[in-house]
Structures are given as C-alpha cells and as structure tokens.
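Novice: okay, sequence plus prediction incoming.
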Amino acid sequence: MSRLITAAVLLAVFIPALFFAPALLWALLIAGVAAVAAYEWARLSAFPAFLPRLYGAGMGAMAMIVYLMPGQAEAMLLLFALAAVFWVLAAPLWLAGRWRGEGVFVRALVGTLLILPTWAAIVALRERSQWLLLGVMALVWIADSAAYFAGRRFGRHKLAPEISPGKSWEGVAGAALALVLYASAISAAIIGLRIPGALILAAALLYFSILGDLFESWMKRVAGVKDSGVLLPGHGGVLDRIDALCAALPIAAGILHFATWI
C-alpha cells in the first residue's frame, strides 16, 4: 500500500508539471530531484561530514548553470556524449571487474556522470515534446515492471547473481516482449517515430536500463545497503527510482538528437 500511495503522489506531481509547468520551473524542479539523487549517491559513497549536502547542492546548482548558460544546447550534447562513453565503455568494464571504485574523487566524478546528464536529458526531451519524454520514460518503466513479473513467474536462470540475485534472463525476455508491443503501439500514434526506428531505440534502451539497474545494485552491494535512501516510502530513495533512467535517458536524448532513421 505504501508503494502505491507513494507512486500515486509522485504521478500527481509529475504529470501536471510535465505538461503545464513553464520551462524554467521544469528545469528547476528536475534540478531539485538531481540534487536529492546526488545527496543519496554521496551518502551511498560514504562521503565524510557535510560533503553529501554540499555535493547535492552543487549538483542542483550545476544543472541550473548549464540551463542558463548561452551554450546550453552544446553543453547538453557534451553531457550526453560523456554519459554514452561511461555507459558504453566504463560501466560494463566496472561491473565485469567488480570494481568498488572507492574514493571521494572517483565517486564524485561517477555521480556527476550518472545524474547531470539525466537531468539534461529530461529537460531536452521535454523541450522537444512532453509526449516524447513520457513515452521514453514509460518505456523504461514498462521494461522494469515486465522484467519483475516475468522473472517472478518464470525466472530460472540468473542474469548476474553476484550483483543482483533477483534478476533473471527470463525477466529480460519478458521485458523485451513487452517493449516490442509497446514500441509498436505508440511509435507513430503518440510520439511520431517510425516503427523500425522505435524498435531499435527500444532495444537499445532496454539494454541500458538493465545496465543502469545493475550498476546501482552493485554500488549498493558494495556499500552494504538495500536502498539508496528512505525519502520515498515503499520505494527507497530517489536514486532507486531513477537508476535505469540514468543510463537510458541520456542515450535516448543523444540518439534522438542525431538519428535520421527514426
């Protein structure tokens, strides 16, 4: 019940803001979410003394500096490129090597690569179309939900037992099937994508959403905690709710900016 109530409250705030908030207010609202996520990341990373609060405030401030600077579009594209390098190259190697990545500087850098491009992607995709942002985020949510239920019902073969024992290959298959149906249904009708391009985008985002989920699961395992925070009753912390989005949204924003085949 607490999970359902929390989700209902979040949607009651998110949906009206998505469609009706002025652009500056939207950017500020998402910068606040980024600040909380950065604070949780700093706590997860065992930053000493007052540094988690400072890191969180700094992340929110950096987001608004990017938004207000004259070269906003170029800065956002740079953030998407940095995020792509991290998720395509660094994150898989990090997980394969079971690297702990300890140290304030390393964790601060990684946290910035996780959170700031996610903020930029949410702002940029919304500027292009509210329905596009909602469609991409729903893709990640549907994949997560389908993987959970398919894994609970059919899961036999573990995906990454040393990182997240609850995830299975059957869950991945369930998520893939759900996304084929979802992308085919909404591609042209809602967000204006051609079906082949929508399916390619869905496949890419499925991979990165799973990678983002696994990455945060590993970092929580290193820290010895179950959740990144306690702000959202029944859900844990903000970072727990956006882990898959941190990988998927910057990739989506970059692809949708440059691709002509979608």
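Specialist: Nice, thanks for sending it over. Note that the coordinates shown come from a computational prediction; the quantities given were computed from them, not determined experimentally. Numbering: from 1, shown residues only.

Novice: report pLDDT for Asp187.
Specialist: For the record, residue 187 is Ser, not Asp. pLDDT recorded at Ser187 is 61.

Novice: check Ala259 too.
Specialist: Ala259 carries a pLDDT value of 68.

Novice: what about Val230, is that helix, strand or coil?
Specialist: coil (DSSP: H, G, I helix; E, B strand; the rest coil).

Novice: torsion angles phi and psi at it?
Specialist: In terms of degrees, to the nearest 10, the main-chain angles of Val230 are phi -130, psi 10.

Novice: in stretch 71-86, which residues are buried?
Specialist: By neighbour count on 16 or more other C-beta atoms under 10 Å, the buried set for stretch 71-86 is 72, 75-77, 79-80, 83-84, 86. Yep, even glycine has a C-beta here, placed from its N, CA and C like the rest.

Novice: and it, what's its mean pLDDT?
Specialist: Per-residue scores along stretch 71-86 average to 95.

Novice: need the residues that contact that stretch.
Specialist: By C-beta atoms under 8 Å, 6 or more residues apart in numbering, the list of residues contacting stretch 71-86 from outside reads 66, 69, 110, 113-114, 116-118, 120-121, 123-124, 247, 250-251, 253-254, 257.

Novice: any of the residues you listed buried? List them.
Specialist: 66, 110, 113-114, 116-118, 120-121, 123-124, 247, 250-251, 253-254.

Novice: please tell me how far stretch 74-90 is from the chain's geometric centre.
Specialist: Centroid separation between stretch 74-90 and its chain, computed with C-alpha atoms, centre = their mean, to the nearest Å, is 14 Å.

Novice: using CSV, list the CA coordinates for it.
Specialist: Only the C-alpha atoms of stretch 74-90 are listed here, as CSV (Å, rounded to 0.1, in the frame of the first residue of the first chain):
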residue,chain,number,x,y,z
GLU,A,74,26.1,22.3,-26.8
ALA,A,75,26.7,21.7,-23.1
MET,A,76,23.8,19.2,-23.0
LEU,A,77,25.2,17.4,-26.0
LEU,A,78,28.6,17.2,-24.3
LEU,A,79,26.9,15.7,-21.2
PHE,A,80,25.1,13.1,-23.4
ALA,A,81,28.4,12.2,-25.1
LEU,A,82,30.1,11.8,-21.7
ALA,A,83,27.3,9.7,-20.4
ALA,A,84,27.5,7.5,-23.6
VAL,A,85,31.2,6.9,-23.0
PHE,A,86,30.5,5.9,-19.4
TRP,A,87,27.6,3.6,-20.1
VAL,A,88,29.0,2.0,-23.3
LEU,A,89,32.6,1.5,-22.1
ALA,A,90,33.2,2.2,-18.4
